[in-house]
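give me a 3D structure for the following:
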Amino acid sequence: MSIEVKNVTKKYGKQKALNNVSLTINTGEVVGFLGPNGAGKSTMMKIIAGYIPPTNGEVSIEGINLLDEKTDVRELIGYLPENNPLYLDMYVKEYLTFVAGVYKLPNIKQKVNNMIEKTGLTLEQNKKIGALSKGFRQRVGLAQALIHDPKVLILDEPTSGLDPNQIVEIRNLISEIGKEKTILLSTHIMQEVEAICDKIIIINHGEIIANDQAANIQTKIEKNQVITVEFNQDPNEKSLLKIKGVLKAKKVKTNHWIIEATNKKDIRQDIFDFAVANKLSVLSMQKKEKTLEEAFQELTKE
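As a prediction, the model looks like this:
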């Protein structure tokens with residue numbers, strides 16, 4: 001079930017939260033939606049979920065325009081907002097039965113029991129939501145977003161405020177769900193993105209600034225490649241600089257060198273060839289690459 005956003009702008013008075021945003025999420029993809037606070041992430045997710053309208057532009061789910069066919073499209077979408085609003089005085093099973101009734105689902109009892117089992121709430125089902133830990137409340141939020149078996153799942157900061165163990169539990173649950181659904185996931189946890197997302201979209205100041213696989217985003221912002229090499233003995237610095245593409249060669253300690261080269265092609269094979277030609281052995285070689293966090297910081301810095 002694909003999502004297509006075309007030229008969406010959202011204004012709050014004179015303030016522009018989104019500026020002519022376009023993006024496509026293909027069927028079955030798990031997409032990480034990243035951006036600094038106030039970048040427009042939650043606004044975009046609320047528009048895709050049908051909770052607020054855009055000022056301009058359009059959103060369609062599997063070709064169905066969200067504004068033209070609002071009721072039908074909402075049946076295809078599950079949404080977990082950032083603040084996960086729940087009825088704290090209701091029991092878990094009671095709440096999910098209520099949500100299933102809102103969607104007018106058949107076989108409500110069976111669907112509720114299946115969802116409780118799927119989201120790991122079996123032991124908590126007869127407790128009041130207000131008595132649950134934050135991790136289990138997030139599970140209840142996921143359960144309400146999934147109860148009607150939507151094709152598209154929109155999750156806004158689903159692991160915010162959880163402890164490390166709870167984060168892993170929710171992350172594993174999302175990974176399992178992602179095998180069956182199209183998921184748009186907003187988070188500030190880069191390890192989460194790297195672990196479960198097929199693609200990353202980065203938004204800043206209401207505009208999309210990156211839309212690609214994580215590895216491609218990291219590669220694109222690398223100005224030069226940096227290689228650390230350990231030889232069995234020190235080569236001549238001037239001869240290292242003759243390797244095509246090499247810009248700098250610096251000895252950091254005996255037999256250990258840092259080589260900086262242009263990013264036009266991977267220089268490592270040329271370093272091996274250089275070593276063979278000069279009767280040297282390469283004992284270790286490592287290419288330094290920017291982490292996703294470093295790439296994100298570089299793309300979104302002021």
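
in the stretch 51-200 of the chain, where is pLDDT below threshold?
Applying pLDDT under 70 to the stretch 51-200 of the chain picks out residues 69-71.

now the helices for it?
Counting by DSSP state H, counting those that start in this stretch, residue ranges of the helices within the stretch 51-200 of the chain are 70-74, 92-102, 108-118, 134-146, 164-177, 190-196.

out of those, nearest to residue 262?
Ranking those by proximity to residue 262 (Cβ to Cβ) places helix 190-196 first, at 26.8 Å. (Glycine included, C-beta is placed from N, CA and C.)

which residues are in contact with the closest one?
For helix 190-196, the surrounding residues in contact (Cβ atoms under 8 Å, 6 or more residues apart in numbering) are 30, 32, 34, 159, 167, 171, 174-175, 178, 185, 187, 200, 214, 291-293, 296.

for stretch 131-145, same thing?
Residues from elsewhere that reach stretch 131-145 (Cβ under 8 Å, 6+ apart): 78-80, 84, 86, 92, 95-96, 99, 115-116, 118-121, 124, 129, 153-155, 158-159, 161-163, 165-166, 169-170, 173-174, 177.

now these: which count as buried?
Neighbour counting by 16 or more other Cβ atoms under 10 Å classes 78-80, 84, 86, 92, 95-96, 99, 115-116, 118-121, 124, 129, 153-155, 158-159, 162, 166, 169-170, 173-174, 177 among those as buried.

picking up where we left off before, deepest-packed of the helices of the stretch 51-200 of the chain, please.
The highest average neighbour count among the helices of the stretch 51-200 of the chain, using mean count of other Cβ atoms under 10 Å, belongs to helix 134-146 at a mean of 22.

and the spatially most central residue of the chain, which of the three is it?
Centroid-nearest residue in the chain, with Cα atoms, centre = their mean: residue 32, separated by 1.8 Å. Three-state assignment for residue 32 (DSSP: H, G, I helix; E, B strand; the rest coil): strand.

ok, now residue 299?
Secondary structure, three-state DSSP: residue 299 is helix.

for the residue lying closest to residue 272 once chain neighbours are set aside, give me its contacts.
Leaving aside its chain neighbours, residue 272 sits nearest to residue 282 (6.0 Å; criterion: Cβ to Cβ, 6 or more residues apart in numbering). Contact analysis of residue 282 by Cβ under 8 Å, 6+ apart lists 229, 230, 231, 271, 272, 275.

and the residues you listed, which two are furthest apart?
Maximum pairwise distance in the contacts of residue 282, criterion Cβ to Cβ, is 12.9 Å, between 230 and 272.

overlap of the contact sets of the two?
Residues touching both residue 230 and residue 272 by Cβ under 8 Å, 6+ apart: 282, 285.

run the chain-centre distance for stretch 241-249.
Between the centre of stretch 241-249 and the centre of its chain there are 37 Å (Cα atoms, centre = their mean, to the nearest Å).

report the rounded mean pLDDT for it.
Stretch 241-249 shows a mean pLDDT of 91.

give me the buried positions along that stretch.
245, 246, 249.

report the secondary structure state of residue 47.
Under three-state DSSP, residue 47 falls in the helix class.

secondary structure element for the nearest residue to residue 60 once chain neighbours are set aside?
Take residue 60 and drop its neighbours on the chain: the residue closest to it by Cβ to Cβ, 6+ apart is residue 4, 4.9 Å away. Element membership of residue 4 [criterion: DSSP states H and E] is strand 3-12.

what helices and strands are in contact with that strand?
If contacts are counted by 3 or more Cβ pairs under 8 Å, 6 or more residues apart in numbering; DSSP states H and E, strand 3-12 sits against strand 15-25, helix 41-49, strand 56-61.

in a markdown table, list these along with mean neighbour count.
Formatted as a markdown table, the helices and strands packed on strand 3-12 follow (neighbours: other Cβ atoms under 10 Å):
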| stretch | mean neighbour count |
| --- | --- |
| strand 15-25 | 17 |
| helix 41-49 | 23 |
| strand 56-61 | 19 |
